[in-house]
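Trainee: model the structure of this input:
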Amino acid sequence: MKNVLIIAYYYPPKGGAGVQRTTKFANYLSKFGYNVNVLTVKENSEGLKDFSLKEDINKNISVYRTDIKEINIMNNLLKIAKKKTNNSINTLDENLSNNSSSLGAKKIKLNLLNSIKNYLKKMFLNLYNLMFIPDDKKGWIDFAVSKGREIIIEKNIDIIYTTSGPYSTHLIGYKLNKEFGTKWIADFRDPWASNPFVEYNFLVQKIFNKLEAKVVKNANKIISVSKPIIEDFIKRYPDEDINKFVTIPNGYDEEDFQGLNLELSEKNSKFVILYNGTLYGKRSPEKILFSIDNLINKNIIDKNKIQIRFVGEIGTSYIELINYYKNKYKDVVIHRPYMPHKESLIELCKANALLLIIDEGKGSEGIYTGKIFEYIRTGKTILGLVPNGVAKDLIEETSTGYTALPSDQSAIENIILKAYNDFIYKTKSLTPNLEVIKKYSRENLTKLLIEEIKKIE
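Mentor: Numbers count the residues shown, from 1 in each chain. As a prediction, this is how the structure comes out:
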């Protein structure tokens with residue numbers, strides 16, 4: 001029996017998409033006979049919580065929780081920034097409400113708000129990156145290294161597995177690997193030094209390049225969630241063995257779907273579209289809402305026969321937009337707050353179509369998002385507003401939905417109409433490829449991880 005130490009900041013009861021990958025790997029490694037030990041932070045640490053996820057932890061897994069020195073300075077600065085932004089919103093509200101309540105006015109306000117937010121965000125991110133290397137979880141490193149030593153000695157650990165973000169976890173793995181020589185797998189759920197969605201200043205970029213190189217050159221395996229991220233590693237580290245770099249995507253857990261009634265949507269009197277997850281940054285609901293609005297205004301679809309539900313947190317940039325359409329269409333646009341994972345799966349069952357939004361831009365071709373794998377497992381129609389890349393390829397490979405470029409308004413309206421007509425006329429234009437979908441079960445993906453573990457034994 002191999003003894004594995006998994007080091008992960010995001011682990012139940014923490015909630016959110018980043019928790020699932022680590023939790024499922026740990027569970028299935030345990031089921032396949034590995035002695036799994038998880039090193040994480042104490043339950044009272046900051047962040048989103050989903051206590052229902054604790055029920056999913058395999059009872060044979062040993063979980064060790066340490067203190068973390070929370071860094072609150074940046075949080076306080078961000079609260080100030082948020083307050084200033086909200087003040088700006090209120091001012092804009094007052095000015096615009098005296099002139100017009102039209103969508104055009106809302107868009108002007110949204111653009112002004114985004115300009116303010118982008119300025120503040122850039123200012124504070126520059127400060128953040130300079131103050132906290134590699135990230136604001138650096139206060140966990142010393143606690144985790146100290147506890148990691150004890151676990152390695154006591155449990156005779158054979159394999160260390162670290163997962164990021166936060167990138168501090170890899171520095172913990174690096175320190176333990178250098179001290180004990182234990183075989184080490186570093187998992188990157190997102191890029192680090194070459195992250196296309198973050199603009200680092202020169203000094204921070206230089207430091208991150210150096211830190212990432214230490215991780216890549218010392219780890220025995222580098223794995224990531226998508227092929228483009230792995231290809232980028234291979235390109236930037238030509239002296240490393242190409243076989244060191246491996247793609248293991250995210251997936252769905254068949255056990256999560258046991259007992260769920262995926263046919264709940266058949267009772268719907270309206271065509272229900274569900275977006276499950278957060279909306280922030282460039283992940284905007286504007287195009288889907290505008291398309292539905294346009295189709296209703298043209299009398300192509302009946303407003304009494306369609307509903308779009310957003311389940312999850314919505315950034316301040318898009319609250320105004322959502323509220324505008326909620327007020328315009330009382331029973332068409334619905335927003336519900338973050339739900340525990342199990343409850344969110346029930347919401348999938350109630351929907352006729354599942355909405356996926358990935359913005360276009362540099363690096364977007366390598367993004368799946370975690371939700372897409374649970375989407376394909378349902379067999380329900382996916383409406384993918386996605387760029388050319390891995391997400392589009394997956395939807396097409398599994399025959400689980402329709403896709404359109406986020407910038408192509410006409411194509412977005414067309415895929416909405418296709419799925420709407422399937423509902424109205426009770427037709428089924430798509431036949432999901434179940435054999436391909438099964439490849440993305442968490443159980444099968446853990447088998448891929450085990451293959452990589454065996455290669456470095």
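Trainee: where does the stretch 1-150 of the chain dip in pLDDT?
Mentor: 1, 72-119, 121-122, 125-126 (pLDDT under 70).
Trainee: now the helices for the stretch 101-250 of the chain?
Mentor: If you assign secondary structure with DSSP state H, counting those that start in this stretch, the helices in the stretch 101-250 of the chain sit at 103-131, 141-155, 168-180, 202-218, 227-236.
Trainee: of those, which stretch is the most buried?
Mentor: Highest mean neighbour count among the helices of the stretch 101-250 of the chain (mean count of other C-beta atoms under 10 Å): helix 168-180, with a mean of 21. Quick note: C-beta positions are derived from backbone N, CA and C, even for glycine.
Trainee: quick revisit: the helices of the stretch 101-250 of the chain into JSON lines, with extra columns for distance to Leu262?
Mentor: Listed next are these as JSON lines, based on distance: least, C-beta to C-beta, whole Å:
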{"stretch": "helix 103-131", "distance to Leu262": "36"}
{"stretch": "helix 141-155", "distance to Leu262": "40"}
{"stretch": "helix 168-180", "distance to Leu262": "35"}
{"stretch": "helix 202-218", "distance to Leu262": "41"}
{"stretch": "helix 227-236", "distance to Leu262": "29"}
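Trainee: which one, of these, ends up nearest to Trp192?
Mentor: Of all these, the one in closest proximity to Trp192, counting by C-beta to C-beta, is helix 202-218 (4.9 Å).
Trainee: centre of the chain versus the closest one, how much separation?
Mentor: Its chain's average C-alpha position is 24 Å from that of helix 202-218, according to C-alpha atoms, centre = their mean, to the nearest Å.
Trainee: can I get it as CSV, trimmed to CA atoms?
Mentor: Coordinates of each C-alpha in helix 202-218 appear next as CSV, following Å, rounded to 0.1, in the frame of the first residue of the first chain:
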residue,chain,number,x,y,z
PHE,A,202,8.2,43.3,-14.2
LEU,A,203,9.5,42.5,-10.7
VAL,A,204,6.6,40.2,-9.7
GLN,A,205,6.8,38.4,-13.1
LYS,A,206,10.6,37.8,-12.6
ILE,A,207,10.0,36.4,-9.1
PHE,A,208,7.1,34.1,-10.3
ASN,A,209,9.2,32.8,-13.2
LYS,A,210,11.9,31.8,-10.7
LEU,A,211,9.5,30.2,-8.2
GLU,A,212,7.6,28.3,-10.9
ALA,A,213,10.9,27.0,-12.3
LYS,A,214,11.9,25.7,-8.9
VAL,A,215,8.6,23.7,-8.7
VAL,A,216,8.7,22.4,-12.3
LYS,A,217,12.4,21.3,-12.2
ASN,A,218,12.1,19.6,-8.8
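Trainee: in the protein, which spans are strands?
Mentor: Assigned by DSSP state E, the strands in the chain fall at 3-7, 35-41, 62-66, 159-164, 183-188, 221-224, 245-247, 271-276, 306-311, 333-336, 353-357, 381-385, 401-404.
Trainee: of all these, which one is nearest Lys214?
Mentor: With C-beta to C-beta as the measure, strand 183-188 is the member of those nearest Lys214 (10.5 Å).
Trainee: so which of the helices of the stretch 101-250 of the chain is nearest Lys287?
Mentor: Taking C-beta to C-beta as the measure, those were each checked against Lys287, and helix 103-131 came out nearest at 12.5 Å.
Trainee: so for Ile453, which of the helices of the stretch 101-250 of the chain sits nearest?
Mentor: Counting by C-beta to C-beta, Ile453 lies closest to helix 168-180 out of the helices of the stretch 101-250 of the chain; the figure is 14.7 Å.
Trainee: what does the closest one contact?
Mentor: With contacts defined as C-beta atoms under 8 Å, 6 or more residues apart in numbering, helix 168-180 is touched by 7-9, 134-135, 137-138, 140-141, 144-145, 148-149, 152, 157, 160, 162-164, 182, 184, 186, 211, 214-215, 218-219.
Trainee: just give the closest residue to Asp136, not the sequence neighbours.
Mentor: In space, Asp136 comes closest to Ile71 once its chain neighbours are excluded; the distance is 4.7 Å by C-beta to C-beta, 6 or more residues apart in numbering.
Trainee: residues near that neighbour, how many?
Mentor: A total of 16 residues lie near Ile71 under the criterion other C-beta atoms under 10 Å.
Trainee: tally of neighbours for the residue nearest to Asp302 when sequence neighbours are not counted?
Mentor: Residue nearest to Asp302 in three dimensions, not counting chain neighbours: Ile296, with 7.8 Å by C-beta to C-beta, 6+ apart. Per other C-beta under 10 Å, the neighbour tally for Ile296 reads 18.
Trainee: tell me who's in contact with Ile296.
Mentor: Residues counted as contacts of Ile296 (C-beta under 8 Å, 6+ apart) are Asp302, Lys303, Ile306, Tyr329, Val332.
Trainee: 10 Å instead, please
Mentor: Contacts for Ile296 (C-beta atoms under 10 Å, 6 or more residues apart in numbering) come out as Asp302, Lys303, Asn304, Lys305, Ile306, Lys328, Tyr329, Val332.
Trainee: same check, this time on Gly18
Mentor: Each residue near Gly18 by C-beta under 10 Å, 6+ apart is listed here: 8-11, 48, 163-166, 189-190, 250, 370.
Trainee: write the PyMOL selection for whichever of these are buried.
Mentor: Those of the contacts of Gly18 that meet the burial criterion (16 or more other C-beta atoms under 10 Å) are gathered into one PyMOL selection, given here:
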select buried, resi 8+9+10+11+163+164+165+166+189+190+250+370
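Trainee: nearest to Glu231, of the contacts of Gly18?
Mentor: Distance to Glu231, by C-beta to C-beta, is smallest for Asp190 among the contacts of Gly18, at 14.9 Å.
Trainee: roughly how far apart are the residue lying closest to the closest one once chain neighbours are set aside and Ser265?
Mentor: Nearest in space to Asp190, with sequence neighbours left out and distances taken as C-beta to C-beta, 6+ apart, is Gly165 at 6.0 Å. The spacing between Gly165 and Ser265, counted by C-beta to C-beta, to the nearest Å, is 34 Å.
Trainee: average pLDDT for stretch 263-273?
Mentor: When pLDDT is averaged over stretch 263-273, the result is 95.
Trainee: returning to what we had before: adding distance to Leu430, write the strands of the chain out as a markdown table.
Mentor: Output for the strands of the chain, formatted as a markdown table (distance: least, C-beta to C-beta, whole Å):
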| stretch | distance to Leu430 |
| --- | --- |
| strand 3-7 | 37 |
| strand 35-41 | 38 |
| strand 62-66 | 41 |
| strand 159-164 | 34 |
| strand 183-188 | 33 |
| strand 221-224 | 29 |
| strand 245-247 | 26 |
| strand 271-276 | 15 |
| strand 306-311 | 19 |
| strand 333-336 | 25 |
| strand 353-357 | 11 |
| strand 381-385 | 6 |
| strand 401-404 | 7 |
